[in-house]
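Student: whatever this is, show me its structure:
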Amino acid sequence: MNIHIHRNGQNFGPYALEEVNGYLAEGSMSPRDMAFHEGLADWTPLAKIDGIIVPDEQPTGAPAGASSKGSKGLFIGGGGENHHQLSHHGGDAEMLRKLGVVDRFHLTKLARFMTFLKSTSEAEGNMIDRTMILFGSGMNSGAGGGHSPKNLPLLIAGGHKLGLKHGQHLAHDEKYHPPLTNVHLTMAQAMGLETDSFSDSGSTLTGLT
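Tutor: Predicted coordinates for the structure are as follows:
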């Protein structure tokens, strides 16, 4: 069941039922938000949708704010801050909590995408065997939200039949680390691109292939 949410004159979604229940539990959505899914005659309060789990207690005040980009904007709760504002958290626990809501949303979408790839047959395997996914950021907000280009938390998935190695954590010295473009070069070569460099890369990333 795909659920659409209406709040403050804007429509968001669709979201899977488990996503909506997760946002309700976090306080990012309200049982009073209007909802619609195929089969309903009209918009109805979210709390009246079959399968919705309403938490015993809701945060005081209506959860506010959603991303202004696109019809599938993400509710983040609080004062309506966007992801960039929250990333300048300065170590504030509440801003970090809200940032975690956004991050978990994106991770659920990543997991869903990877599941689709893995369940789609291709040649003698599945699509994820020959699809490389790089998930992360070119900045690390760190403990203080300083937007450092160092010590980036990156996830690389798929591409097993292209030569990528998985099931490992490649850690590097925070001061003397390879550039991110080493990862890009490694992926480019795995795709069959004949090149020895990409931007400021020094080499491929040791251990990834």
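Student: can you give me the strands in this structure?
Tutor: Applying DSSP state E to the chain gives strands spanning 2-7, 10-16, 34-36, 44-45, 121-122, 125-126, 132-135, 155-158.
Student: for this structure, which helix is longest?
Tutor: Within the chain, and with DSSP state H defining each element, the longest helix by residue count is helix 93-118.
Student: check which helices and strands that helix is in contact with.
Tutor: Using 3 or more Cβ pairs under 8 Å, 6 or more residues apart in numbering; DSSP states H and E as the contact criterion, the neighbours of helix 93-118 among helices and strands are helix 17-26, helix 83-87, strand 132-135, strand 155-158. No exception for glycine: its C-beta is placed from N, CA and C like everyone else's.
Student: rewinding a little: tell me which of the strands of the chain sits nearest to Phe113.
Tutor: Taking Cβ to Cβ, strand 132-135 is the member of those nearest to Phe113, at 7.7 Å.
Student: for that closest one, which helices and strands make contact with it?
Tutor: Secondary-structure packing of strand 132-135 (3+ Cβ pairs under 8 Å, 6+ apart): helix 93-118, strand 155-158, helix 181-190.
Student: mind checking which of the helices and strands packed on helix 93-118 is nearest Glu94?
Tutor: Nearest of the helices and strands packed on helix 93-118 to Glu94, taken as Cβ to Cβ: helix 83-87 at 9.7 Å.
Student: tell me the buried residues in that closest one?
Tutor: Of the residues in helix 83-87, His83, Leu86, Ser87 count as buried by neighbour count, 16 or more other Cβ atoms under 10 Å.
Student: quick one: least confident of the residues you listed?
Tutor: In terms of pLDDT, His83 ranks lowest among the buried residues of helix 83-87, with 74.
Student: how far away is that one from His6?
Tutor: Taking Cβ to Cβ, to the nearest Å as the measure, His83 and His6 are separated by 22 Å.
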